[in-house]
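Participant: Pasting a predicted model and its sequence here:
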Amino acid sequence: MGDLRVGIIGLGHVGAHVLYTIALQGLSDDFVLVDLDDNKEKVIAERQDVLDATEFLPHRVNIKIGSIEDLKDRDVIVNAVGNIAALRGTNTRLSEMEFNMNAIQTYAKRLKDSGFNGILINISNPCDVITKWLADFLDLPAGHVLGTGTGLDTARLKWRLQDSTGVSSHSITAYMMGEHGSAQITPWSQVSFNGLSLEEAAKTDERFRFDKDAIEQGAREGGWITFNGKFCTEYAIALTAARLVRIVKYDEKEIIPVSTKLDGEYGEKGLFAGVPALIGKNGVEKVIELPLTDTEKEKFHACCEGIRANIEESKKFLR
Ligand SMILES: NC(=O)c1ccc[n+]([C@@H]2O[C@H](COP(=O)([O-])OP(=O)(O)OC[C@H]3O[C@@H](n4cnc5c(N)ncnc54)[C@H](O)[C@@H]3O)[C@@H](O)[C@H]2O)c1
């Protein structure tokens, strides 16, 4: 894909950083920004701040502030609407469910009717639930709607593994799977360092005999360290989304964890959950089924049951 046309819905902490990160990485020169009318001054400010950085960007960018209908020709849309203040003092991403269920229903049909036929990457929480509904409402070809899911949590896990062992995160294979929330799991049987399984590595090197539960918990709850100090998270999630944009743009066929529809994989159906998937120009092109142990399969199943319960809960907010 040559000139990738990007749309961003919601220019709060996250959406603004998605804009900045994509511009800084030179992934697109053409943006349409959509937010609520009463947030117009903030969006004008975010646009101007990035335009004023043109001198330092890889190339010039056009940034238009528009409506949902102006997103019809976008190759990729990043959905980052929300009301992050709703999370304060709650320690659960479910606190934004009502707001975000209402928000997406104000524009999903308009976006579908506009003829939008690109890839939609959802960030808004609860990520797996909101991604599922956006996919249902938009009814795009399979794989075109995906969520960042456990992509950010996996980055949190890999940083902790690097910090604990000294091995570069780029030479570690590891995934957080399941819910982008407190029920996500680390399948330790799938973790490897420099190509060596964790079990093998631990036999000869004590650096790999770390406290797995503490690291897993750190990855799962790490977002709250950031949130409780600045009442948002923004840099790492913007980079998670930008990586997905880059993979789509260059049809990279990279395997990274995203929230995607399960259709029998891992014995699950009818929900979106975080799993490693092969991503290319068509979004999710294949779900990767890792050979989990029986215990890991049980934990993943329990996590999916939790997502199912959240989907049931979210139906209260359907109009
Ligand atoms: N998936 C992840 O890993 C991850 C990480 C960080 C944040 N998030 C989520 O991303 C979302 C955004 O976070 P934030 O910190 O930027 O929130 P924020 O409250 O700072 O910004 C939300 C923006 O969405 C806009 N908005 C609200 N309703 C809208 C609508 N109907 N149409 C258009 N725009 C609308 C608001 O005006 C605001 O600019 C939240 O749901 C947050 O929980 C997810």
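Facilitator: Yes, it's here. Fair warning: this is a prediction, and the values are worked out from it, not measured in the lab.
Participant: Would you enumerate the residues in contact with the residue in the stretch 1-150 of the chain that the ligand sits nearest to?
Facilitator: Relative to the ligand, the nearest point of the stretch 1-150 of the chain is residue 12 (1.7 Å; C-beta to the nearest ligand atom). Quick note: C-beta positions are derived from backbone N, CA and C, even for glycine. Going by C-beta atoms under 8 Å, 6 or more residues apart in numbering, residue 12 touches 80-82, 84, 232.
Participant: all strands of the stretch 1-150 of the chain, in order?
Facilitator: 5-9, 30-34, 62-65, 76-79, 119-122, 145-147 (DSSP state E, counting those that start in this stretch).
Participant: And the helix or strand just after the last one, what's buried?
Facilitator: To tie it back to what came earlier, the one meant is strand 145-147. Next helix or strand after strand 145-147 toward the C-terminus (DSSP states H and E): helix 151-165. Within helix 151-165, the residues scored as buried using 16 or more other C-beta atoms under 10 Å are 151-162, 165.
Participant: Also stretch 174-182?
Facilitator: For stretch 174-182, burial by neighbour count (16+ other C-beta under 10 Å) applies to 174-181.
Participant: For the residues you listed, could you give me CSV that also reports secondary structure and distance to the ligand?
Facilitator: Output for the buried residues of stretch 174-182, formatted as CSV (DSSP: H, G, I helix; E, B strand; the rest coil; distance: C-beta to the nearest ligand atom, whole Å):
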residue, secondary structure, distance to the ligand
174, coil, 17
175, coil, 15
176, coil, 11
177, strand, 14
178, strand, 13
179, coil, 11
180, coil, 5
181, coil, 10
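Participant: Dump those to TSV, plus pLDDT.
Facilitator: Shown next, in TSV, are the buried residues of stretch 174-182 (pLDDT from 0 to 100):
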residue	pLDDT
174	98
175	98
176	98
177	98
178	98
179	97
180	97
181	95
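Participant: Adding mean neighbour count, distance to residue 213 and mean pLDDT, write the strands of the stretch 1-150 of the chain out as a markdown table.
Facilitator: Below are those laid out as a markdown table (neighbours: other C-beta atoms under 10 Å; distance: least, C-beta to C-beta, whole Å; pLDDT from 0 to 100):
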| stretch | mean neighbour count | distance to residue 213 | mean pLDDT |
| --- | --- | --- | --- |
| strand 5-9 | 25 | 37 | 98 |
| strand 30-34 | 22 | 42 | 98 |
| strand 62-65 | 15 | 45 | 98 |
| strand 76-79 | 27 | 34 | 98 |
| strand 119-122 | 28 | 30 | 98 |
| strand 145-147 | 28 | 26 | 98 |
